[in-house]
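Novice: what's the 3D shape of this:
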Amino acid sequence: MPAATFNGVVVAESDETIMVEGNHYFPRDSVQWDYFSESDARQTVCPWKGVADYFDLAVAGESARGVAWTYHDPKSEAEQIRDYVAFYPKVSVG
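Specialist: Numbers count the residues shown, from 1 in each chain. From the prediction side, this is the model:
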């Protein structure tokens, strides 16, 4: 089962991830939200997925800014990942 780990702690785990462009997208309910906060770091725009919103992560004294993202209102081509969460490589996914 794919798991996302940061600073030795599993922050997301699910056997229902969706692979898009080499990234595991985790269902919202599989994420340990106590470790996350909405990031004011940025928003990005993907031509086919839409606007991504970012989250900061803090676990056991270590933090990472803008390390996770989601599409709250994706374009129709990416509807399957609505509200799913993906991670930058600073979070180990495997």
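Novice: the protein: strands as residue ranges?
Specialist: Along the chain, the stretches classed as strands by DSSP state E are 3-6, 9-13, 18-20, 23-25, 36-46, 50-59, 62-70, 85-87, 92-93.
Novice: and those, which is most packed in?
Specialist: strand 85-87 (a mean of 25; mean count of other C-beta atoms under 10 Å). All C-beta atoms are positioned from the backbone trio N, CA, C, and that covers glycine.
Novice: so, low pLDDT: which residues of the chain?
Specialist: Residue ranges of the chain with pLDDT under 70: 41.
Novice: if we use 80, what do you get?
Specialist: 41-42 (pLDDT under 80).
Novice: kindly provide the distance from the closest residue to residue 88 other than its chain neighbours to residue 58.
Specialist: Leaving aside its chain neighbours, residue 88 sits nearest to residue 67 (5.0 Å; criterion: C-beta to C-beta, 6 or more residues apart in numbering). Remark: distance between residue 67 and residue 58 (C-beta to C-beta, to the nearest Å) = 10 Å.
Novice: for residue 52, same thing?
Specialist: Distance from residue 52 to residue 58, by C-beta to C-beta: 20 Å.
Novice: if anything else comes up later, I'll come back, but that's it for now.
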